[in-house]
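In: Provide a 3D model corresponding to the input given below.
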Amino acid sequence: GPAWGCPIAAYGPGDSLLDHTPDEHLSLDEYARAIEVVRDALVELGFITPAEGRDWEDFLSELSAERRAGIYRTSAGGPSLLVAAERLPQLNAIFASGSTEPPIAAPEVLAGATWSFETALVEVVRGRLEGLGPVTAQAMADSLGLKLGSIEAALATLEVEGFVFRGRFTPGLQETEWCA
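Out: From the prediction side, this is the model:
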């Protein structure tokens, strides 16, 4: 801004004349990098819910147009998830009747991998826990539309590995929560 002599875009309380410059913009390189950051997040997290991706719609639209991400329909009446193509083999092992809109395919190097339901679910849960704060097993089950027992089994596997731990972290919440 004017006070620092460099271009910025800052929002918040205070004098907006000190925050904005006449030529605020996002370069095409920065926009392309942001798209890659969103794709990386989708790969690492396993999926995001539509509510979680609300602020990323423009970037997700670009990834969808490039067939690198899409909306994964877990089943008729089940939840929809925003996913990267790299996670399709795992999600297809978890959801036998899953499909994407638009149709996308896993990269060839990943497409040939064979996953059991249990192993795929452990890896998707692992990814989700990398990005979530304390979360209950029920919240995780609800986001995937799966039975609680399946999620508890995946969490137990991750606990044995030493990847997650359980406890009561949120004041006032009486349910067990899980953290990576």
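In: assign Thr100 to helix, strand or coil.
Out: Secondary structure state of Thr100, per DSSP: H, G, I helix; E, B strand; the rest coil, is strand.
In: and the residue lying closest to it once chain neighbours are set aside, how far is that from Gly53?
Out: Of all residues not flanking Thr100 in the chain, Gly70 sits nearest, at 4.0 Å (C-beta to C-beta, 6 or more residues apart in numbering). Every residue, glycine included, has its C-beta placed from N, CA and C. Applying C-beta to C-beta, to the nearest Å, the value for Gly70 to Gly53 is 12 Å.
In: between these two, which one's more packed in?
Out: A count of neighbours by other C-beta atoms under 10 Å puts Gly70 above the other of Gly70 and Gly53, at 23 against 19.
In: what bridges to the more buried one?
Out: Beta-bridge partners of Gly70, counted by DSSP bridges, are Val83.
In: and it, what does it touch?
Out: 64, 82-83, 85, 100-104 (C-beta atoms under 8 Å, 6 or more residues apart in numbering).
In: which parts of the chain are strands?
Out: For the chain, applying DSSP state E gives strands covering 69-73, 80-84, 99-101, 135-136, 165-167, 177-179.
In: which positions within the last one qualify as buried?
Out: For strand 177-179, the buried set under the neighbour-count rule, 16 or more other C-beta atoms under 10 Å, comprises 177-178.
In: which helix runs longest in the chain?
Out: For the chain, the helix that runs over the most residues, judged by DSSP state H, is helix 28-45.
In: helices of the protein, start to end?
Out: So, for the chain - with DSSP H - the helices run 28-45, 57-65, 88-94, 108-111, 117-131, 137-144, 148-161.
In: what is the fourth one packed up against?
Out: So the one you mean is helix 108-111. Helix 108-111 sits against helix 88-94, with contacts defined as 3 or more C-beta pairs under 8 Å, 6 or more residues apart in numbering; DSSP states H and E.
In: CA atoms only for the helix it packs on - export them in PDB, please.
Out: The C-alpha trace of helix 88-94 is given here as PDB (Å, rounded to 0.1, in the frame of the first residue of the first chain):
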ATOM      1  CA  LEU A  88     -10.500 -41.900  -7.700                       C
ATOM      2  CA  PRO A  89      -9.000 -45.500  -7.300                       C
ATOM      3  CA  GLN A  90      -9.400 -45.200  -3.500                       C
ATOM      4  CA  LEU A  91     -12.900 -43.700  -3.700                       C
ATOM      5  CA  ASN A  92     -14.000 -46.300  -6.200                       C
ATOM      6  CA  ALA A  93     -12.900 -49.000  -3.800                       C
ATOM      7  CA  ILE A  94     -15.000 -47.400  -1.100                       C
END
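In: please enumerate residues in contact with that helix?
Out: 46-47, 72, 74, 81, 83, 98, 100, 104-106, 110-111, 113, 115-117, 119-121, 123-124, 144, 146.
In: ok, stretch 44-58 next?
Out: Stretch 44-58 has contacts (C-beta under 8 Å, 6+ apart) with 38, 41-42, 60, 71-72, 79-83, 87, 90-91, 123-128, 130-131, 143.
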